[in-house]
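In: what's the 3D shape of this:
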Amino acid sequence: MNDKVVMGIRILFGVFCLVFGLNKFLGFIPFPPIEGDGGTLMGIYATSGFFKIIGVLEILFGLALIINKYVPLSLTILIAIMFNAFIFHALHDMAGIGGAVLGMILGLLLVYANKDRFKELLSA
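Out: Sure thing, here's the model as predicted:
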């Protein structure tokens, strides 16, 4: 993959994570309420402080991607977060799955672009 394309995807994914991490503290992107069990689970996440922990991780590792430091570690943490968001939305809120899909695609593209740095982790 072209180095400039990889850099663009890395920065885009970093900004994506940074914005959603900051939103967990500042609330500048409103989200519609989620019905049923998904709404209950989101309420528990919000009141327990879980979202704040996720927000800190998104901010720190999003910034790391933007400045091109600790990329494999950042991708490992951020893809785990994106995967959980994807599964949550797939099971409880299909209407809101778009952001999680975008995050997964960007993250997985970066893993593919950095596959040599993940070789040990992905070997059997």
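
In: next SSE downstream of the longest helix along the chain?
Out: Across the chain, the longest stretch assigned as helix under DSSP state H is helix 3-26. Where DSSP states H and E defines the elements, the next helix or strand beyond helix 3-26 is helix 36-48.

In: how far off helix 3-26 does that following helix point, in degrees?
Out: Inter-element angle recorded for helix 36-48 and helix 3-26: 80 degrees (by axes from the mean of the first three to the mean of the last three C-alpha atoms, to 10 degrees).

In: centroid residue for this structure?
Out: residue 82 (4.0 Å; C-alpha atoms, centre = their mean).

In: and the helix or strand hosting that residue, what's buried?
Out: Using DSSP H and E, residue 82 maps to helix 71-92. Neighbour counts over helix 71-92 (16 or more other C-beta atoms under 10 Å) mark 71, 74-75, 77-79, 81-82, 85-86, 88-89, 92 as buried. Every residue, glycine included, has its C-beta placed from N, CA and C.

In: quick one: contacts for the residue nearest to residue 88 when sequence neighbours are not counted?
Out: Closest residue to residue 88 apart from its sequence neighbours, by C-beta to C-beta, 6 or more residues apart in numbering: residue 38 at 7.0 Å. Each residue near residue 38 by C-beta atoms under 8 Å, 6 or more residues apart in numbering is listed here: 88, 91, 92, 93.

In: much appreciated, bye for now.
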